[in-house]
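Asker: One predicted model, sequence on top.
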Amino acid sequence: MTRYLLIILSFILISCNGQDKKVKPLTNQTMDNNHLEHATIAGGCFWCVESCFHMLKGVSSVTSGYSGGHKDNPTYEEVCTGTTGHAEVVEITFDPKIISYKQLLEVFWFLHNPTTLNRQGNDVGTQYRSAIFYHSEKQKLEAEESMKASEAKQEWNGKYVTEIVPFQKFWPAEAYHQGYYNANPNQPYCSAVVGPKIQKFKKHFGELGWLK
């Protein structure tokens, strides 16, 4: 009898472990403005990622800007030379009770290729590098764990080159960069590069129930 019980129990455990864990949709609860947190990430041209993060439940604001360099108050033209050390980034203000930092990182890995050094598609230069600027030791650990998990699952083919470095300073980009895609969807780069990426993002995360 004991042998049969063990066989049945083993079958149940194997069956349960073989099931895919369903991703729960994010809640629609009201954001707590007194307990918002910040995430700063670089995934190539900020036009490509700003619009997507804006659509997520639990995200209060997304600002395009520059971080990781040595030049104070850099301009877009200066950053584009690659001499300031800055990367194009987005700073995300979010409610961790609705969307976690780990979930934001899942979106981050989805939106850009973390295996290409200082490059995203045809955008080449250190300003287009893949980077996570952590605001706390907790964010650092979660970023490291998230990158290892994504790489292990081979979500992208190749070794990840994403920098995980402490946040120091964020410089907002010029006003015309904020919400750039929404204001200029027919601009050639937007229609050819940003638009298709947004559609892919909306399909995937819309099905998960993560969008507003």
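Answerer: Thanks, I have it. Numbering: from 1, shown residues only.
Asker: For residue 76, see how far away the closest residue to residue 212 other than its chain neighbours is.
Answerer: Spatial nearest neighbour of residue 212, excluding adjacent residues (CB to CB, 6 or more residues apart in numbering): residue 57 at 5.4 Å. From N, CA and C alone the C-beta is placed, and that goes for glycine too. Distance from residue 57 to residue 76, counting by CB to CB, to the nearest Å: 30 Å.
Asker: Between those two, which has more neighbouring residues?
Answerer: With neighbours defined as other CB atoms under 10 Å, residue 57 and residue 76 compare such that residue 57 has more, 20 against 15.
Asker: residues touching that one, list them.
Answerer: 26, 27, 28, 98, 99, 210, 211, 212 (CB atoms under 8 Å, 6 or more residues apart in numbering).
Asker: rerun at 6 Å
Answerer: Shown in contact with residue 57 (CB atoms under 6 Å, 6 or more residues apart in numbering): 26, 98, 212.
Asker: are any of those residues buried, and which?
Answerer: 26, 98 (16 or more other CB atoms under 10 Å).
Asker: Let me have the contacts of residue 57 in JSON lines, extended by distance to residue 32, secondary structure and pLDDT.
Answerer: Formatted as JSON lines, those follow (distance: CB to CB, whole Å; DSSP: H, G, I helix; E, B strand; the rest coil; pLDDT from 0 to 100):
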{"residue": "26", "distance to residue 32": "14", "secondary structure": "coil", "pLDDT": "88"}
{"residue": "98", "distance to residue 32": "9", "secondary structure": "coil", "pLDDT": "98"}
{"residue": "212", "distance to residue 32": "16", "secondary structure": "coil", "pLDDT": "97"}
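Asker: list the contacts for residue 194?
Answerer: So residue 194 contacts 47, 48, 181 (CB under 6 Å, 6+ apart).
Asker: Just the ones of those residues in helices?
Answerer: Those of the contacts of residue 194 mapping onto helices are 47, 48, 181, per DSSP state H.
Asker: Need these in a markdown table (columns: neighbour count and pLDDT).
Answerer: Output for the ones in helices among the contacts of residue 194, formatted as a markdown table (neighbours: other CB atoms under 10 Å; pLDDT from 0 to 100):
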| residue | neighbour count | pLDDT |
| --- | --- | --- |
| 47 | 23 | 94 |
| 48 | 27 | 87 |
| 181 | 23 | 96 |
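Asker: Looking at those, which is nearest residue 158?
Answerer: Nearest to residue 158 among the ones in helices among the contacts of residue 194 is residue 48, at 19.5 Å by CB to CB.
Asker: where does the most centrally placed residue in the chain fall, phi/psi-wise?
Answerer: With distances taken as CA atoms, centre = their mean, residue 108 lies nearest the centre of the chain, 1.9 Å away. Phi and psi for residue 108, reported as degrees, to the nearest 10, are phi -60, psi -50.
Asker: same thing with residue 90?
Answerer: phi -120, psi 140.
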